[in-house]
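Visitor: Would you be able to build a 3D model of this:
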Amino acid sequence: MLLCERIYILSKNFPKEEMYGLTSQIRRCAISIPSNIAEGRGRNSDKEFVRFLQISLGSLYELQTQLELSLQLQFAKSIDEILYLSFEIEKMLNSLITKKGGRL
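Guide: Predicted coordinates for the structure are as follows:
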C-alpha cells in the first residue's frame, strides 16, 4: 500500500497530457499489486494464492519498467526510493511464491 501511495504522489506531477497515458498506466499497475495479493489470499487454496502472487509480480515488473520510462522522459527527477521499495516487494513476493510451493 505504501508503494501505491508513493506512486500517486510521484505521478501527480506528471504532465497533464499523460493523464490517460503513463499516469493512468503506472497507477493501475501499482494498485494491481496489493489488489491481487488480497484477492489471492481470499481464495481457498495455496495454488490459487500463488497464481495471484505471480500476477502481482508481473504488475510489479511492469511498474518498474514504467518508472524507468518516467525517469527517461524526465517526468520524475528521482525514483530511487520507489525503486528500492519495489525491489523489496519483489523479494517478498518471490519468497511467498516459493514458500507456497510455486515456481519463479
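
Visitor: Neighbours of residue 17, how many?
Guide: Number of residues near residue 17 (other Cβ atoms under 10 Å) recorded here: 9. Using the backbone N, CA and C atoms, a C-beta is placed for each residue, glycine as well.

Visitor: again but with residue 57, I slipped
Guide: Residue neighbour count, defined by other Cβ under 10 Å, stands at 21 for residue 57.

Visitor: Does it belong to a helix, a strand or coil?
Guide: Following DSSP: H, G, I helix; E, B strand; the rest coil, we place residue 57 in the helix state.

Visitor: confidence score at it?
Guide: Among the per-residue scores, residue 57 shows a pLDDT of 98.

Visitor: who touches it in this structure?
Guide: Neighbour list for residue 57: 90, 93, 94, 97 [criterion: Cβ atoms under 8 Å, 6 or more residues apart in numbering].

Visitor: Mind doing that once more with 6 Å?
Guide: Going by Cβ atoms under 6 Å, 6 or more residues apart in numbering, residue 57 touches residue 93.

Visitor: separation between it and residue 64?
Guide: 11 Å (Cβ to Cβ, to the nearest Å).

Visitor: Next: residue 11.
Guide: Between residue 11 and residue 64 the computed distance is 14 Å (Cβ to Cβ).

Visitor: Have a look at those two and say which one is more surrounded.
Guide: residue 11 (22 against 18).

Visitor: what's around the closest residue to the more buried one other than its chain neighbours, how many residues?
Guide: Excluding the flanking residues, the one nearest residue 11 by Cβ to Cβ, 6 or more residues apart in numbering is residue 23, at 4.8 Å. Counted with other Cβ under 10 Å, the neighbours of residue 23 add up to 23.
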